[in-house]
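*Asks:* Need a 3D model of the sequence below.
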Amino acid sequence: MQAKEIMKYLEKRFPQEYAEDFDFPKIGLIVGCDDFVVTNILLSLDLSIDVAKEAIKKQANLIIVHHPFFFEPMHKVLLDTEQGAVLKLLLANDISAYAMHTNLDVGLGGVNDALAELLVIDHVQIDNGVVGKQNYLRFGTIKETTLFALAQFVKSVFHLSGVKVLGNLQERITKIGVIGGSGAHQNDIERAYANGCQVLITGEVKLNNAQYAKYLGLHMIEVNHGIEKFVFYKLKKDLEKDLDLSDRVIVSTIETDPLQIMG
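*Replies:* Numbering: from 1, shown residues only. Below is the predicted model:
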């Protein structure tokens, strides 16, 4: 199958117009070309030197990543930098890279839908009731539990060594929301609260925003930013089924999130 056919499928499911304005120059085909026959596909949260080496080892000539490789404009390509070394490896081995970021977050079957499914949220709803730009929040009901038990469940589901929790640990919880990545901005907190969530599960919670959530009475569970990677297990199944790519889609085993919580 040609790479362009796979990219067309991805762009139909996760349209680039869903992405935030700052994302537009950074997503889509970012390295290489689209007129080649795909051998294997490697799915990864980030593009790093280790991920590039993994693609070579597993004979993948297309890498699909979530986080854009070029966050800032490049004025020089220096081979003694990680970006330069990655580009050298990709080009020398005819490997192309394709990025989906905020469009993958908000699209149907994307990051936040995958996380909601893992959290066993029933009757999942989308913020504002529509799919599209800025509608990251997924929310719904769960079997009644305590905040403490929910935090333990979240830790287990996402294979985390720990989580941070805001709120009364014995509070009975029946309605939660989730936003993958960095979803604890004031607007995110307000949207979760407005939609009746008792708990918002997300990453990178700043102190002032945690204090704002506490003021509103919204509980929070802070997880690693990297839980976004769980979308790729769902995307792997979709690609294999929809494009007949059985045994040709690989989820990267490289952990690109360098942060860890020590107990």
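*Asks:* quick one: contacts for the residue nearest the centre of the chain?
*Replies:* Central residue of the chain (CA atoms, centre = their mean): residue 228, 2.8 Å from the mean position. Applying CB atoms under 8 Å, 6 or more residues apart in numbering to residue 228 gives the contacts 45, 66, 105, 111, 180-181. All C-beta atoms are positioned from the backbone trio N, CA, C, and that covers glycine.
*Asks:* can we see that at 6 Å?
*Replies:* The contact partners of residue 228, taken as CB atoms under 6 Å, 6 or more residues apart in numbering, are 66, 111, 180-181.
*Asks:* Tell me where the stretch 101-250 of the chain has strands.
*Replies:* Using DSSP state E, counting those that start in this stretch, the strands of the stretch 101-250 of the chain run over 122-126, 138-146, 164-166, 172-182, 199-203, 219-223, 249-251.
*Asks:* what angle do the fourth one and strand 138-146 make?
*Replies:* Between the axis of strand 172-182 and that of strand 138-146 there is an angle of 140 degrees, by axes from the mean of the first three to the mean of the last three CA atoms, to 10 degrees.
*Asks:* Parallel or antiparallel, list what pairs with strand 172-182.
*Replies:* Applying DSSP bridges to the sheet, strand 172-182 is found paired with strand 138-146 (antiparallel), strand 199-203 (parallel).
*Asks:* Which one (most neighbours) among the contacts of residue 228?
*Replies:* Neighbour count (other CB atoms under 10 Å) singles out residue 111 as the most crowded of the contacts of residue 228, with 31 neighbours.
*Asks:* That one and residue 181 touch, don't they?
*Replies:* No: the pair residue 111 / residue 181 is not scored as a contact, 7.3 Å apart, by CB atoms under 6 Å.
*Asks:* Pull up the per-residue confidence for residue 132.
*Replies:* We have a pLDDT of 88 for residue 132.
*Asks:* Tell me how many other residues crowd residue 163.
*Replies:* Counted by other CB under 10 Å, the residues lying close to residue 163 total 18.
*Asks:* Next, the contact list for the closest residue in space to residue 119 that isn't next to it in sequence, please.
*Replies:* Once flanking residues are discounted, residue 119 sits nearest to residue 178: 6.0 Å by CB to CB, 6 or more residues apart in numbering. Contacts for residue 178 (CB under 6 Å, 6+ apart) come out as 115-116, 119, 138, 201.
*Asks:* Can you lay out these as a markdown table showing neighbour count, pLDDT and distance to residue 24?
*Replies:* Output for those, formatted as a markdown table (neighbours: other CB atoms under 10 Å; pLDDT from 0 to 100; distance: CB to CB, whole Å):
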| residue | neighbour count | pLDDT | distance to residue 24 |
| --- | --- | --- | --- |
| 115 | 27 | 98 | 24 |
| 116 | 23 | 98 | 26 |
| 119 | 20 | 98 | 30 |
| 138 | 26 | 98 | 24 |
| 201 | 31 | 98 | 28 |
